[in-house]
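K.L.:
here are the coordinates; sequence isn't available:
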């Protein structure tokens, strides 16, 4: 299936990614809500551990040939500091900062969820103007093997949707 994005696709995929994260967290027994706050998109609470996490969600659609492109997750360009916004929002809501990355292609979609601490310790390249989530086959295997990264792959089925 060939991907042709509509003019509103970025908003639609962003909201879809947030709801997908909420769905899988809710199915895991966490209480979740989408919030409209600078720095975080979702707050999740685990009643068993009494732990609260604040999640920023990055969602992308990749056309054929761009499946391995990195996802920009935190920017420091043009006086932006997305990391500070995430951390400040989590302090305000008394939760731990996490990141979720949802990437879909024409054949599959992958969802990754990890703490900012784990990302910093294992995957962050220092002194960059943008923190990225690498999507090369090698990196995707590393994430899948990392016990601190929650991972879901969704295989798409054949479709005859042509307009």
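P.N.:
Alright, I've got the coordinates. Only a predicted model underlies this, so the values are computations on that prediction, with no experimental measurement involved. Numbers count the residues shown, from 1 in each chain.
K.L.:
Show me which residues of the longest strand along the chain are buried.
P.N.:
Ranked by number of residues, the top strand in the chain under DSSP state E is strand 51-61. Under the neighbour-count criterion of 16 or more other C-beta atoms under 10 Å, strand 51-61 has 52, 53, 54, 55, 56, 57, 58, 59, 60, 61 buried. Glycine gets a C-beta too; all of them are placed from N, C-alpha and C.
K.L.:
From those residues, pick the one nearest residue 103.
P.N.:
Taking C-beta to C-beta as the measure, residue 103 lies nearest residue 60 of these, at 5.0 Å.
K.L.:
what sits against that closest one?
P.N.:
13, 71, 101, 102, 103, 104 (C-beta atoms under 8 Å, 6 or more residues apart in numbering).
K.L.:
Mind listing the residues bridging to it?
P.N.:
Beta-bridge partners recorded for residue 60 (DSSP bridges): residue 103.
K.L.:
Out of the buried residues of strand 51-61, which comes closest to residue 23?
P.N.:
Nearest to residue 23 among the buried residues of strand 51-61: residue 57, at 12.2 Å, using C-beta to C-beta.
K.L.:
so that closest one sits right up against residue 22, yeah?
P.N.:
No - counting by C-beta atoms under 8 Å, residue 57 sits too far from residue 22 to count as a contact (9.3 Å).
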